[in-house]
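K.L.:
quick one: sequence and predicted model below, then my questions.
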Amino acid sequence: MEEKKVVLKLDGVSKSFAKVENDEVTHALSAVSATMESGEFISLVGPSGCGKSTILRLVAGLIQPTTGAVTVDGKEIKGPSPERGMVFQKPTLFPWLTVEKNIAFSLKMQDKLKGNEERVEEMIRVIGLEKFRDDYPGQLSGGMAQRVALVRSLINEPDILLLDEPLGALDAFTRMNMQDEILKIWRKRKQLAIMVTHDVDEAIYMGTRVLVMDANPGRIVADIKIEEPFPRDRSSASFVAYRNDILNKLHFGGAKAE
Amino acid sequence: MSKQVETNMEGMTRQQLKELETKEMTPFQRFLEVIIVILPFVCGILAIQEYRLVPNNSTNRNPNTYLVFLILLVAAYVIYGLVAAIKRVRGDKGVYEKLRFKAPLFSALFLLLAGYDYLTLKTGILTQPFVPCLNFVLNAAWNDREMLIECTIHTLWLLFLGYTSGVVLGLITGITCGYSKRCRYWVDPIIKFLGPIPTSTWIPIMMVVAKSLFGGAVFIIALGSWFAVTVASMNGIANVDKDYFEAARTLGATERQLVFRVAIPHAMPSILSGCTQAMSSSCVAIMIAEMLGVKSGLGWYMNWAKSWASYDKMFAALFVICIIFTVVTKSLDAVKRHVLRWQNGAEK
Ligand SMILES: Nc1ncnc2c1ncn2[C@@H]1O[C@H](COP(=O)(O)OP(=O)(O)O)[C@@H](O)[C@H]1O
Ligand SMILES: [Mg+2]
């Protein structure tokens, strides 16, 4: 099946929030421009508060830009849509629904569940949780819950997959396993994936492109293509070179810092 | 330890896991178990013999009613025990464990019955007929059964009307207010103003204002329920984690679905605890209404029996009240447990 190609454009996007405590305004994003397209795996790294989540929420359609435009294939994003799936740091599984029903939630909301039950089955199989299908999320481990959250949005076969620190709360082993699982899923359909992470190694290991951001005001300071074939070797010389380069851009490079 | 682990760990049930993890009992512990399970039966026989053999202090008409009652209780326990034993032999230990857990309470119940009978009928330490012995009460209940049944139905009907209308209206206002700030703006002052007033305060006013006392009582019970459910569901809905809404929206949920598929299920624990609270406030309100104004129902019956100095009837009504409120509360609990089964942590 030929996959649908999409182009996502951020065109001079600014987003400001009114602060709660005083009359000031936070400039979460200031004149951010970028173009991304299907087949890319974009890693977003940067200090906390630099607007990484804000970018994802804009693309998801959960918030609207203050100025500028976010477009998919030239069409402005008006609101959330299952075509742009999002996974949050907290799994946000609905605790009153079983694993199976959580995964089927999206189809049910769109009245598409009838006739598509095998898609739910497939998703359960993808994450290997057949035995837990009738369990409630409260009984799952963090890794399992995040897997369910992942396939819950993948069931719509989204053109754009937004991942907001999806592995941030997991232990190191689960984390490395899930990095590979996510890559496997992504390489099957090659949709556009944008993942926020605070782990530079993870960003390089998974991304085809790493966008480095900085705060006050939030902006993109570097756009680095990772020209390495998958699977990547975390200790190879080029990997280390990428890491040093990015750490430099994040001002952790010691003497070489600008 | 001589436990074989031949059950494959894969398809293990909870029961098997529990068995595997509990230590084997010593012979003494086993002996103790048997004693504990048999003790209620022994205490039951004791209560029967106490009633039959100890001489009475006051005249006791129709003495067999209480005797039949006791025998039925003991028989019920024996049947329960037999069922548990058979199930246990067949491999289902659940019923037996429940029985074993409750057995000490059953023993205490029989001892209590024997003690009460001794204090009332046998010695008169608790003066007859003000604190009537159970045989009097049972006889009174049986002889006046038609009236009692009529009153019970009346009370249940009143409770049903008031409670359900209050809960339904409370759900509507609570959910709308939880969701819409504008609605909350108007309803909040009403709740703040009316909230601290106990429902029973309205009863004298109702007796003056209402055209029918029954309608007035329904209104008061509904008012109390409405209040409890409104506050609980409003808070429940207003406290739904924003993340759930965002997740649901990216999954394609419409505004309407956000209310019915996310907000309400999420607020369910709070809503149901509001319903439980509403039930207890309804039970209080209904008794006060019936004792003060309404001309039927169990509350009225108690008052009426007291004014005729028929204390046995009064106690009979008290028992019926006890039973129906217990049944109502238990059923509500069962509903709650079923709806909130997802909350049961690691156990299914
Ligand atoms: N809904 C909001 N209201 C007010 N301020 C916000 C809101 N969302 C984000 N911000 C602010 O915008 C800035 C960027 O936030 P965010 O995108 O979440 O950062 P990051 O994900 O990179 O840590 C932060 O200073 C944050 O306080
Ligand atoms: Mg963030």
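P.N.:
Everything's here; your move. Ligands and ions are numbered 1, 2, ... in the order given.

K.L.:
could you count how many residues lie near A:V99?
P.N.:
For A:V99, the neighbour count with other C-beta atoms under 10 Å in any protein chain shown is 28. In this view, the C-beta of every residue, glycine as well, is placed from N, C-alpha and C.

K.L.:
no no, B:G94
P.N.:
Neighbours of B:G94 under the rule other C-beta under 10 Å: 11.

K.L.:
quick one: contacts for the closest residue to A:E202 other than its chain neighbours?
P.N.:
Spatially, and ignoring its direct neighbours in sequence, A:E202 is nearest to A:Q179 (6.4 Å; C-beta to C-beta, 6 or more residues apart in numbering or on different chains). Residues near A:Q179 by C-beta atoms under 8 Å, 6 or more residues apart in numbering or on different chains: A:167, A:202, A:205-206.

K.L.:
now swap in A:A34 and tell me
P.N.:
Residues near A:A34 by C-beta under 8 Å, 6+ apart: A:9-10, A:211, A:220, A:223.

K.L.:
buried ones among those residues?
P.N.:
Using 16 or more other C-beta atoms under 10 Å in any protein chain shown as the burial test, the contacts of A:A34 include A:9-10, A:211, A:220 as buried.

K.L.:
so which of those comes closest to B:Y311?
P.N.:
Checking the buried ones among the contacts of A:A34 against B:Y311 by C-beta to C-beta gives A:L10 as the nearest, at 83.7 Å.

K.L.:
if we can go back for a sec, show me which pair in the contacts of A:Q179 is furthest apart.
P.N.:
Taking C-beta to C-beta, the two most distant members of the contacts of A:Q179 are A:L167 and A:Y205; they sit 11.1 Å apart.

K.L.:
isn't A:Y242 right up against A:I224?
P.N.:
Yes: A:Y242 is within contact range of A:I224, at 7.0 Å (criterion: C-beta atoms under 8 Å).

K.L.:
quickly list what's touching both of those two.
P.N.:
Common contact partners of A:Y242 and A:I224 (C-beta under 8 Å, 6+ apart): A:V210.

K.L.:
quick one: which of those two has more around it?
P.N.:
When A:Y242 and A:I224 are compared for neighbours, A:Y242 comes out ahead with 24 against 18, by other C-beta under 10 Å.

K.L.:
need the contact list for the more buried one.
P.N.:
A:204, A:210, A:224, A:226.

K.L.:
dump these to TSV, plus distance to B:W300 and secondary structure.
P.N.:
Output for the contacts of A:Y242, formatted as TSV (distance: C-beta to C-beta, whole Å; DSSP: H, G, I helix; E, B strand; the rest coil):
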residue	distance to B:W300	secondary structure
A:I204	81	helix
A:V210	79	strand
A:I224	84	strand
A:I226	83	coil
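
K.L.:
and these as a markdown table, adding distance to chain B and pLDDT?
P.N.:
Shown next, in a markdown table, are the contacts of A:Y242 (distance: C-beta to the nearest C-beta, whole Å; pLDDT from 0 to 100):
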| residue | distance to chain B | pLDDT |
| --- | --- | --- |
| A:I204 | 27 | 94 |
| A:V210 | 24 | 94 |
| A:I224 | 28 | 92 |
| A:I226 | 27 | 91 |
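
K.L.:
what two of those are the furthest from one another?
P.N.:
Comparing the members of these, the greatest separation, given C-beta to C-beta, is between A:I204 and A:I224, at 8.8 Å.

K.L.:
now the helices for the stretch 51-200 of chain A?
P.N.:
For the stretch 51-200 of chain A, the helices defined by DSSP state H, counting those that start in this stretch cover A:52-60, A:99-109, A:117-126, A:142-154, A:172-189, A:200-206.

K.L.:
helix A:99-109 and the third one, what's the angle between them?
P.N.:
I take that to be helix A:117-126. Taking axes from the mean of the first three to the mean of the last three C-alpha atoms, to 10 degrees, one finds helix A:117-126 and helix A:99-109 inclined to each other by 140 degrees.

K.L.:
buried residues in helix A:117-126?
P.N.:
For helix A:117-126, a neighbour-count test (16+ other C-beta under 10 Å) marks A:119-120, A:123-124, A:126 as buried.

K.L.:
now stretch A:12-30: buried residues?
P.N.:
A:13-16, A:26-30.

K.L.:
chain center to stretch A:171-189: distance?
P.N.:
13 Å (C-alpha atoms, centre = their mean, to the nearest Å).

K.L.:
for chain B, which helix is longest?
P.N.:
Of all segments of type helix in chain B, defined using DSSP state H, the longest is helix B:145-179.

K.L.:
buried residues, that one. List them.
P.N.:
For helix B:145-179, a neighbour-count test (16+ other C-beta under 10 Å) marks B:148, B:151-152, B:154-156, B:158-159, B:161-163, B:165-167, B:169-171, B:173-179 as buried.

K.L.:
how about stretch B:311-329?
P.N.:
Across stretch B:311-329, burial judged by 16+ other C-beta under 10 Å covers B:311-317, B:320-321, B:324-325, B:328.

K.L.:
show me where pLDDT drops low in the chain?
P.N.:
Picked chain A for this. Low-confidence segments of chain A (pLDDT under 70): A:1-3, A:253-258.

K.L.:
can you look at chain B instead?
P.N.:
In the predicted model, chain B carries pLDDT under 70 at residues B:1-11, B:345-348.

K.L.:
if we go to 80?
P.N.:
Within chain B, the segments meeting pLDDT under 80 span B:1-25, B:195, B:199-200, B:207, B:293, B:344-348.

K.L.:
pick out the residue of it closest to ligand 1.
P.N.:
For chain B, the residue closest to ligand 1 is B:K242, as judged by C-beta to the nearest ligand atom, at 9.3 Å.

K.L.:
look up how far chain A lies from that residue.
P.N.:
As judged by C-beta to the nearest C-beta, to the nearest Å, B:K242 and chain A stand 10 Å apart.

K.L.:
what's the local residue count around that residue?
P.N.:
Using other C-beta under 10 Å, the number of residues around B:K242 comes to 8.

K.L.:
quick revisit: can you put the buried ones among the contacts of A:A34 in CSV and add distance to B:N60 and secondary structure?
P.N.:
Formatted as CSV, those follow (distance: C-beta to C-beta, whole Å; three-state DSSP):
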residue, distance to B:N60, secondary structure
A:K9, 95, strand
A:L10, 92, strand
A:L211, 93, strand
A:I220, 95, strand
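
K.L.:
now, which of those residues sits nearest A:S43?
P.N.:
Using C-beta to C-beta, these come closest to A:S43 at A:L211, 7.1 Å.

K.L.:
immediately after the helix or strand hosting B:L112, which helix or strand?
P.N.:
Using DSSP states H and E, B:L112 sits within helix B:94-117. Later in the chain than helix B:94-117, the nearest helix or strand by DSSP H and E is helix B:134-143.
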